[in-house]
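Novice: Okay, here's the prediction I keep looking at, along with the sequence it came from:
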Amino acid sequence: MELIALIFMLVAGGALAMFVVTAAAIAQKEAQHDPGTRTSAPERETIAASILYHVIVAGGAAQDEALRRIRRGAGLAAPVTRGIDINNWAESYARLATPQQRGALLETAVQLVAAEARVVPLRQYSALLDLSFSLGFQTDALAKLRQVYGFEYVDPAKDGRPREAGHEPLFVRDDSRAVELLRVLEVQGSPSRQSIVSAYRRLAARHHPDRYYGRPADEQSTAAARFIEITRAYETLLRIYRD
């Protein structure tokens, strides 16, 4: 009986050992072929660093200065790709990141912008808008961060801002302006959050500063004024229509 029991233990132990070895081999093979477990973190950091570089350079910073601020301000030492399309890269980042990581990237971008100036160029604010949208956020998320970190945006072209813009916060609390703001966004019929978002994206694409880069100064100024006007209307309306 003892001999049978010993044989049984040896067989069971061998089977268990073989199972453990096989499971470990399968897990290692899956890890090698799964980009999420093998390359997501480095790839995510590279994308994040490149996006932050784009945002900083959009404010007029030199390339070396932008890299320094990414290293020191964001703690990212990943390689940077220049000349990226921020929308495509932010969408790629969103696919690799958790909601918390997406929110952290947007906040880090705002921190880096606000740390250097309280009034930033419209082109840099446009880059932040693109980042916010492509990460899956609406502009109210960006506007809230602007309130926290306290910076404004301005077009460098003369008379680029609407006269009524001044330096008032984007979160204007007078909801009675809703009808006027809906007219600014050319929203027809019964307004909803979705119709407001759609109207803003259509108008923002038409008047985005990048579309007028290199154009005559008066065209740039007119487009910038319109872009700021619709952006302010949009950000205020998102506070009113929360459906």
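Specialist: It's in. Numbers count the residues shown, from 1 in each chain.
Novice: E235 contacts A141, correct?
Specialist: No - with contact defined as C-beta atoms under 8 Å, E235 does not reach A141; the gap is 10.1 Å. Where C-beta positions appear, they are placed from N, C-alpha and C, glycine not excepted.
Novice: Among the two, which residue is more densely surrounded?
Specialist: Counting neighbours by other C-beta atoms under 10 Å for E235 and for A141 shows that E235 has the greater number, 23 against 19.
Novice: Buried ones in whatever helix or strand that one lives in, by neighbour count?
Specialist: Assessed by DSSP states H and E, E235 sits inside helix 217-240. Neighbour-count burial for helix 217-240, counted by 16 or more other C-beta atoms under 10 Å, picks out 220-239.
Novice: Likewise for stretch 71-79?
Specialist: Buried-residue list, stretch 71-79, by 16+ other C-beta under 10 Å: A74, L76, A78.
Novice: Would you mind putting the residues you listed into JSON lines with distance to R193 and secondary structure alongside?
Specialist: Output for these, formatted as JSON lines (distance: C-beta to C-beta, whole Å; DSSP: H, G, I helix; E, B strand; the rest coil):
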{"residue": "A74", "distance to R193": "32", "secondary structure": "helix"}
{"residue": "L76", "distance to R193": "34", "secondary structure": "coil"}
{"residue": "A78", "distance to R193": "36", "secondary structure": "coil"}
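Novice: Excluding covalently adjacent residues, which one is nearest to the spatially most central residue of the chain?
Specialist: With distances taken as C-alpha atoms, centre = their mean, L131 lies nearest the centre of the chain, 3.1 Å away. In this structure, L131 finds its nearest non-sequential neighbour in A90, 5.2 Å apart by C-beta to C-beta, 6 or more residues apart in numbering.
Novice: Helix or strand next in line after the helix or strand encompassing that neighbour, which one?
Specialist: Here A90, judged by DSSP H and E, is contained in helix 86-96. Going down the chain from helix 86-96, the next helix or strand is helix 99-116, by DSSP H and E.
Novice: and that following helix, what other elements does it pack with?
Specialist: Identification of packing neighbours for helix 99-116 by 3 or more C-beta pairs under 8 Å, 6 or more residues apart in numbering; DSSP states H and E yields helix 40-57, helix 63-69, helix 86-96, helix 122-134, helix 139-149.
Novice: so where's the protein uncertain?
Specialist: 1-39, 138-140, 154-176, 243 (pLDDT under 70).
Novice: Can you report how many residues lie near the closest residue to A117 other than its chain neighbours?
Specialist: Spatial nearest neighbour of A117, excluding adjacent residues (C-beta to C-beta, 6+ apart): F151 at 6.7 Å. The number of residues packed near F151 is 20, by other C-beta under 10 Å.
Novice: right, and F151 touches L112 too?
Specialist: No - with contact defined as C-beta under 8 Å, F151 does not count as touching L112 (11.0 Å).
Novice: Contacts for stretch 141-156 next, please.
Specialist: Stretch 141-156 is contacted by residues 103, 106-107, 110-111, 113-114, 117-122, 124-125, 128-129, 132, 160-161, 167, 169-171, 209, 220-221, 224-225, 228, 235 when judged by C-beta atoms under 8 Å, 6 or more residues apart in numbering.
Novice: on that earlier part again, among the helices and strands packed on helix 99-116, which comes closest to R177?
Specialist: R177 lies closest, by C-beta to C-beta, to one member of those: helix 139-149, at 15.7 Å.
Novice: relative orientation of that closest one and helix 217-240 in degrees?
Specialist: 90 degrees (axes from the mean of the first three to the mean of the last three C-alpha atoms, to 10 degrees).
Novice: Using PDB, write out every CA atom in helix 139-149.
Specialist: Only the C-alpha atoms of helix 139-149 are listed here, as PDB (Å, rounded to 0.1, in the frame of the first residue of the first chain):
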ATOM      1  CA  THR A 139     -14.600  71.700 -23.800                       C
ATOM      2  CA  ASP A 140     -16.200  72.200 -20.400                       C
ATOM      3  CA  ALA A 141     -13.500  69.900 -19.000                       C
ATOM      4  CA  LEU A 142     -10.800  72.300 -20.400                       C
ATOM      5  CA  ALA A 143     -12.700  75.400 -19.200                       C
ATOM      6  CA  LYS A 144     -12.800  74.000 -15.700                       C
ATOM      7  CA  LEU A 145      -9.100  73.400 -15.700                       C
ATOM      8  CA  ARG A 146      -8.600  77.000 -17.000                       C
ATOM      9  CA  GLN A 147     -10.500  78.200 -13.900                       C
ATOM     10  CA  VAL A 148      -8.300  76.000 -11.600                       C
ATOM     11  CA  TYR A 149      -5.000  77.100 -13.100                       C
END
